[in-house]
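J.: Could you work out the structure for the sequence below:
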Amino acid sequence: MTAFKSGDPTTLNRLYGRSSGHKLRQGQQELIDRLLPEVAVPTEGEITSRRLFGDDRPLHFEIGFGSGEHLAYRADLLPEHGFVGCEPFLNGVATALTHVRDGALRNVRLHMNDALEVLRRVPDGSLLMIYLLHPDPWPKARHSKRRMVNDGPVGLFADKLKPGGELRIATDHPVYLEWTLTVMQRHTERFEWLAEKPGDFLDPPSGWIETRYGAKSRREGRRPYYLRYRRT
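T.: Numbers count the residues shown, from 1 in each chain. Model (predicted):
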């Protein structure tokens, strides 16, 4: 998860947390070595649908895709759309590549590093949807600047989404839920919260698949919350 320099909430400082866990199996390492270069987001220059996929298809962006279940499901559901997923965790990228291979998903591009660096290279008003599912809550108050939902990133999300585009956030952490609602309330000129009744943020939105983390959360007795915001 990302953190920001003190006093400048729009400037990326460095990534916090692990970049890898257990050693990759041989098959996973082969996917990293062979498939990842084929589907990797370019390291420089503008990021557009035409550059990535050769046409002007709708573009989706997922920040911290974990093991890639949601990203792969959405890409399979919407084969005429393009999907960009960013995840710094090596093991998660390896698992996501398995989904890409097994599903023959030609509409997915992956970046194994910081999502905001890539997002800054997307032209303003280009994205149909941004997904931020179960980000690290950094629950201690002194770590609040490390949370992805902060004024700087939220402003960037608004810049990159099309009018009518959607930001989806999921969390099972009460501190992060309250924090997100507070931060997003400061951006009501650019985002409309799509909730009219409690069930609108207690039930998953359409086209949703429960991730491995989401299932674990339910088993351990935590309730996921689903927040949807439309770019006005």
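
J.: Where does pLDDT dip in this structure?
T.: Residues of the chain that meet the criterion pLDDT under 70 lie in 1-21.

J.: Can you show me the helices along it?
T.: Along the chain, counting by DSSP state H, helices occupy 26-30, 36-39, 49-53, 69-77, 90-102, 115-119, 151-160, 174-185, 199-202, 212-219.

J.: Just send these back as a markdown table, with distance to P137 and mean neighbour count too.
T.: Just so you know, the C-beta spots here come from the backbone N, C-alpha and C atoms, and that holds for glycine as well. Below are the helices of the chain laid out as a markdown table (distance: least, Cβ to Cβ, whole Å; neighbours: other Cβ atoms under 10 Å):
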| stretch | distance to P137 | mean neighbour count |
| --- | --- | --- |
| helix 26-30 | 28 | 12 |
| helix 36-39 | 29 | 14 |
| helix 49-53 | 31 | 16 |
| helix 69-77 | 18 | 21 |
| helix 90-102 | 18 | 21 |
| helix 115-119 | 17 | 20 |
| helix 151-160 | 15 | 19 |
| helix 174-185 | 4 | 16 |
| helix 199-202 | 17 | 14 |
| helix 212-219 | 12 | 15 |
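
J.: Out of these, which gets nearest to W138?
T.: Of all the helices of the chain, helix 174-185 sits nearest to W138, with 8.1 Å by Cβ to Cβ.

J.: circling back to that earlier point, turn the helices of the chain into CSV, including distance to K145.
T.: Converted to CSV, these look like this (distance: least, Cβ to Cβ, whole Å):
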stretch, distance to K145
helix 26-30, 33
helix 36-39, 31
helix 49-53, 31
helix 69-77, 26
helix 90-102, 24
helix 115-119, 14
helix 151-160, 9
helix 174-185, 11
helix 199-202, 25
helix 212-219, 23
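
J.: can you tell me the distance between the two ends of stretch 164-179?
T.: 24 Å (Cα to Cα, to the nearest Å).

J.: Give me the contacts around it.
T.: Outside stretch 164-179, the residues that touch it by Cβ atoms under 8 Å, 6 or more residues apart in numbering are 127-135, 137, 139, 144, 147, 149, 157, 161, 180, 191, 194, 204-205, 214, 217, 222-231.

J.: same check, this time on stretch 38-53
T.: Stretch 38-53 is contacted from outside by 55-59, 82, 84, 86, 97, 100, 107-112, 118, 121-123, 126, using Cβ under 8 Å, 6+ apart.

J.: Got a ChimeraX select line for the buried ones in those?
T.: Buried members of the contacts of stretch 38-53, defined by 16 or more other Cβ atoms under 10 Å, are picked up in ChimeraX with:
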select :57,58,59,82,84,86,97,100,107,108,109,110,111,112,118,121,122,126
